[in-house]
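Here is my input; please provide its structure:
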Amino acid sequence: TIITPPHGRETVPDVPNYSWAEYGMRAGLPRMLAAIQSRGLPASTSCNASVIDAYPRAAEAMLAAGWEFIGHGMHQKTLNQADAEAELIAACLEKLRAFTGSRPRGWLSPGLRETPDTPDLLADAGVEYVCDWVLDDLPNWMRVKRGSLIQMPYNLELNDSVIYAVEKDSSPEFLLRLTRTLALFERECETQPRVLALGLHPHLMGVPHRYGYFEEMLDLLLRHPKVDFMSGGQIADWFKQRRPPPSLA
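Predicted coordinates for the structure are as follows:
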């Protein structure tokens, strides 16, 4: 819930909040698809698996654009509210595999919320990287009971949900944060590379008064000589080549 109900009393149906998200799917997502596709950029979509059934045209459009699909739960419901977590993860990954033709390599938990077992269950399910742990600007190997799992950077303060829905900043704020982040990363990448992820939601970044700033952000990154664009899976491959999985011994 983003728009607070009158007198703090929840109502069903929740028309304003439903409509806000629905606007993102109808109007915001086509704009963002156009901005990313017209510039020939890769993208990764952390997509609730139920979107395939609820919004088939949106799912087909992201697939046709060549976006990488990342596991993101079945619905927008945190894993610690779900029963049978291992079965839920398996069902989400299988639904995305059946739709895209390939099993998802990455995972972003709804709300970034996990249980104590989530990393182990993801590794057991064959997931290669998880974006929930926003603790570094470079990938890391996480310690799991079996196999291996990469902690993939997900820059939480470069996320439209945090900037606009939580902190309620003005529309230019995301561009300002990106500009300052890029300036620091440009210096730091002389000795260490950096991963810069933009967390985007169609109902927040795809609205008319922010969309122009989104295009400016993409063009700023495109003009920079030290910026390369990769999907999450490509970053994982790059990391594994340079830092092989730790020994299980």
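
can you give me the strands in this protein?
44-47, 68-71, 106-107, 129-130, 140-142, 149-151 (DSSP state E).

Minimum distance to Ala54: which of those has it?
Closest to Ala54 of these is strand 44-47 (Cβ to Cβ; 10.9 Å). Where C-beta positions appear, they are placed from N, C-alpha and C, glycine not excepted.

Give me the helices and strands touching the closest one, please.
helix 56-64, strand 68-71 (3 or more Cβ pairs under 8 Å, 6 or more residues apart in numbering; DSSP states H and E).

hey, what's the residue nearest the centre of the chain bridged with?
Centroid-nearest residue in the chain: Ser46, 4.6 Å away (criterion: Cα atoms, centre = their mean). Beta-bridge pairing for Ser46 (DSSP bridges): Ile70.

my guess is it meets Ile70, correct?
Yes: between Ser46 and Ile70 there is a contact under Cβ atoms under 8 Å: 4.5 Å.

So for those two, which residues contact both of them?
Overlap of the contact sets of Ser46 and Ile70 (by Cβ atoms under 8 Å, 6 or more residues apart in numbering) consists of Gly106, Leu108, Cys131.

Is there a neighbour count for the nearest residue to Gly199 once chain neighbours are set aside? I'd like the number.
Once flanking residues are discounted, Gly199 sits nearest to Asn159: 3.3 Å by Cβ to Cβ, 6 or more residues apart in numbering. Counted with other Cβ atoms under 10 Å, the neighbours of Asn159 add up to 23.

Test my guess that Asn159 contacts Leu178.
No: using Cβ under 8 Å, Asn159 makes no contact with Leu178, being 11.3 Å away.

where do the contact lists of the two overlap?
Common neighbours of Asn159 and Leu178 (criterion: Cβ under 8 Å, 6+ apart): Leu198.

on that earlier part again, give me the distance between the residue nearest to the centre of the chain and Lys226.
Distance check for Ser46 against Lys226: by Cβ to Cβ, to the nearest Å, it reads 26 Å.

for Trp67, same thing?
Counting by Cβ to Cβ, the gap from Trp67 to Lys226 is 24 Å.
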